[in-house]
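Chemist: Sequence plus the predicted model coming up.
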Amino acid sequence: MSILNEFVGLLFDVSSPAGTIFVFVFPWFGVLLYYLFFLTKRVKEVPAAVVEPLTHFLDLLTEGASSGYDKRLMNLFHPDLLAAAVHRGVVRAMARCVCTKLGKPVNIPRDTVLVNYDGENNHIIALVDFEKEQQVKCRMTWRDCAGSKDKPPQRGPLSAEVRQQFHVMAFRIEPHKKINFFTEKFLCAEDFIPFAEKFVEQLFDRPPVAAVEMMHPSLREKHIDSIDKLQRDIQLTCGASADDPVNVNHTLVSAKLMCRPASNDDGASQTEEASVGGIEMIFRVSGVGRRDVDVNLFLTFSGLQCTVACYRVAAVPDTRTQVIVDCETGEKTFIG
């Protein structure tokens, strides 16, 4: 212990050369090392403007999404994406899930950002700090929509005019495994009524090609080569001929979420809630033939897509009183 005390005393003795170096030079050496570390870290950081598309998208995503109040968020998606690969109702469910589980984004450390360019597409991966969780991996692919086809794709920092004129081509949020990030839990049946109504209307087209395109891939493969048979079966159920006019009038009878039971695995939490397996809807349809029909749909979800997993068209029983007249005796029988 005495040797250690003597060594420490020697270091802090400004009258000795070693003490002078330690007291006056070593602190500045530490400052120099910190400065070099700071410069090295800054070299790895991407410019702030590169991160702005992701920041803008996450800000809108965490504003909360409901029908009629998410126009700015939906306008960010590429039109072809919303028409084919992404359903608005699933995006709204994702927004509700992010708001509940993660909260709003607080910071995106620019030294954790990776950027790549592929033709017109810009890919960005970042670790984002949210209010409730830190270091959540977020991926986004976006494309500049301000320029023409002859204009080369935007590279690097964006100008203030351009940076919010882009289309999101794809996005993915990958939270930590400890978070139960189940988007299906936040689905709302009302968000998918327009999708179901469109399917019902197109199911009675002649031929129903567009309706087949809205089906789940396995169901689509079943009908894609026999669309004419599908049309004949629907006409037979409706009591319609090929020349009868079609004027689809549909009324929603019911729409409800169908839940799967909670997992019984040993590793599953005892408090785990049942997840949503899909949405069941029933429509009463008239104007498609001599009979009214009920159309039952079951919608399922994969990623951000919504498809029709199964459907059933059934004629509505005629409850009106019928009169049967015996031609020989003239006797009338009422059936009701």
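Modeler: Right, received. Where do you want to start?

Chemist: For residue 205, give me its contacts.
Modeler: Applying C-beta atoms under 8 Å, 6 or more residues apart in numbering, we find residue 205 in contact with 211, 246. Just so you know, the C-beta spots here come from the backbone N, C-alpha and C atoms, and that holds for glycine as well.

Chemist: Residue 295 versus that one, what's the distance?
Modeler: Distance of residue 205 to residue 295, given as C-beta to C-beta, to the nearest Å: 14 Å.

Chemist: just residue 210 next, same as before
Modeler: In this view, residue 210 and residue 295 are 15 Å apart by C-beta to C-beta.

Chemist: Which one of these two is surrounded by more residues?
Modeler: For residue 210 versus residue 295, the count of surrounding residues by other C-beta atoms under 10 Å is larger for residue 295: 22 against 13.

Chemist: which element is that one on?
Modeler: Per DSSP states H and E, residue 295 falls inside strand 293-302.

Chemist: what are the pairing partners of that strand, and which direction each?
Modeler: Note on strand 293-302: by DSSP bridges, its sheet partners are strand 276-286 (antiparallel), strand 305-315 (antiparallel).

Chemist: closest one to residue 143 among those strands?
Modeler: Among the strands paired with strand 293-302, strand 305-315 comes nearest to residue 143, with 19.9 Å by C-beta to C-beta.

Chemist: any idea how far the closest one is from the chain center?
Modeler: Remark: strand 305-315 is offset 21 Å from the chain centroid, using C-alpha atoms, centre = their mean, to the nearest Å.

Chemist: Only the buried residues of that strand, if you could.
Modeler: Neighbour-count burial for strand 305-315, with 16 or more other C-beta atoms under 10 Å as criterion, is recorded at 306-309, 311, 313.

Chemist: Might you list the low-confidence residue ranges for the stretch 1-150 of the chain?
Modeler: Where the stretch 1-150 of the chain drops to pLDDT under 70, the residues are 1-29, 31, 35-44, 65-68, 146-150.

Chemist: so where do the strands sit in it?
Modeler: Applying DSSP state E, counting those that start in this stretch to the stretch 1-150 of the chain gives strands spanning 105-107, 114-118, 121-130, 136-144.

Chemist: For the first one, which helices and strands make contact with it?
Modeler: Under the contact definition 3 or more C-beta pairs under 8 Å, 6 or more residues apart in numbering; DSSP states H and E, strand 105-107 sits against helix 48-61, strand 121-130.

Chemist: The ones you listed into TSV, with extra columns for mean neighbour count and distance to residue 145?
Modeler: As requested, these are exported to TSV (neighbours: other C-beta atoms under 10 Å; distance: least, C-beta to C-beta, whole Å):
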stretch	mean neighbour count	distance to residue 145
helix 48-61	19	11
strand 121-130	19	12
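
Chemist: TSV for these, including distance to residue 190?
Modeler: Formatted as TSV, the helices and strands packed on strand 105-107 follow (distance: least, C-beta to C-beta, whole Å):
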stretch	distance to residue 190
helix 48-61	20
strand 121-130	27
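
Chemist: looking at these, which is closest to residue 176?
Modeler: It's strand 121-130; of the helices and strands packed on strand 105-107, that one is closest to residue 176 (C-beta to C-beta) at 11.1 Å.

Chemist: Check which strands are paired with that closest one and give the direction for each one.
Modeler: When DSSP bridges is applied, strand 121-130 pairs with strand 105-107 (antiparallel), strand 114-118 (antiparallel), strand 136-144 (antiparallel).

Chemist: Could you count how many residues lie near the residue nearest to residue 315 when sequence neighbours are not counted?
Modeler: Spatial nearest neighbour of residue 315, excluding adjacent residues (C-beta to C-beta, 6 or more residues apart in numbering): residue 291 at 4.6 Å. By the criterion of other C-beta under 10 Å, residue 291 has 16 neighbours.

Chemist: Map the structural domains onto the sequence of the protein.
Modeler: 2-44, 48-183, 187-315 (automatic domain parsing).

Chemist: What is the end-to-end distance of the second one?
Modeler: Read that as domain 48-183. Taking C-alpha to C-alpha, to the nearest Å, domain 48-183 runs 30 Å from one end to the other.

Chemist: Tell me how far residue 309 lies from residue 199.
Modeler: Separation of residue 309 from residue 199 (C-beta to C-beta) stands at 12 Å.

Chemist: any idea where the helices of the stretch 1-150 of the chain begin and end?
Modeler: With helices called from DSSP state H, counting those that start in this stretch, the stretch 1-150 of the chain shows them at 2-11, 17-20, 26-44, 48-61, 71-76, 79-80, 88-101.

Chemist: What residues sit buried inside the strand or helix carrying residue 169?
Modeler: Using DSSP H and E, residue 169 falls within strand 166-174. Within strand 166-174, the residues scored as buried using 16+ other C-beta under 10 Å are 166-171, 173.

Chemist: Show me which of those is closest to residue 77.
Modeler: For the buried residues of strand 166-174, the residue nearest residue 77 by C-beta to C-beta is residue 168; the value is 5.2 Å.

Chemist: Show me the one of the helices and strands packed on strand 105-107 that comes nearest residue 194.
Modeler: When the helices and strands packed on strand 105-107 are compared by C-beta to C-beta, helix 48-61 sits nearest residue 194, at 21.3 Å.
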